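> Pasting the sequence and the predicted coordinates here, then a few questions.
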Amino acid sequence: MQEGLEQEDDRREAAAKATGDLHAIVEAVLKSLPPSKPWQRQLLQHLHEIDRTIKVLRMTIALERVPSEVTDAKEQVLLTLRVANRYVAMGRADFGTKAAVRLAYEIGQRIDVTVA
């Protein structure tokens, strides 16, 4: 029984770290991306949506909501990450922006595994 609690604590720590890392990357790209070109403005909208869904996920976890609500919040984060990743992969974004969004997407995959 003690081992099960330790594993659950490890999952929570991993989820918190991945969520924090994702938030940090999104915030960094939001601050560094100028809204001068249409593709940049569109990407900024996607990033703001990712940021909003991350906040919802964090609050859902912190409030210890029912598992279905946590899963719904996680799925929204993953969906917004997929949309942004596909947008930059097919668009005119520079290599650094593409790499940052791809990294955010990969961290989202870690969240998918660690958040119940």
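That came through fine. Here the structure is a predicted model, which means the values were calculated and not measured.
> Helix or strand next in line after the least confident helix or strand in the chain by mean pLDDT, which one?
One helix or strand of the chain scores below all others by mean pLDDT, DSSP states H and E: helix 2-32, with a mean of 87. Elements were assigned by DSSP states H and E; along the chain past helix 2-32, the next helix or strand is helix 38-62.
> what does that next one rub up against?
15-16, 19, 22-23, 26-27, 29-30, 33-35, 69-70, 73-74, 76-77, 80-81, 83-84, 87-88, 91-93, 97, 101, 104, 111, 115 (CB atoms under 8 Å, 6 or more residues apart in numbering). In short, each C-beta sits where N, CA and C put it, glycine included.
> so how far is residue 22 from residue 112?
Going from residue 112 to residue 22 by CB to CB, to the nearest Å gives 11 Å.
> for residue 15, same thing?
In terms of CB to CB, residue 15 sits 11 Å off from residue 22.
> Comparing these two, which residue is more hemmed in?
Neighbours were tallied for residue 15 and for residue 22 using other CB atoms under 10 Å; the higher tally belongs to residue 22 (24 against 21).
> so what's the more buried one up against?
50, 54, 77, 104, 107, 108, 111.
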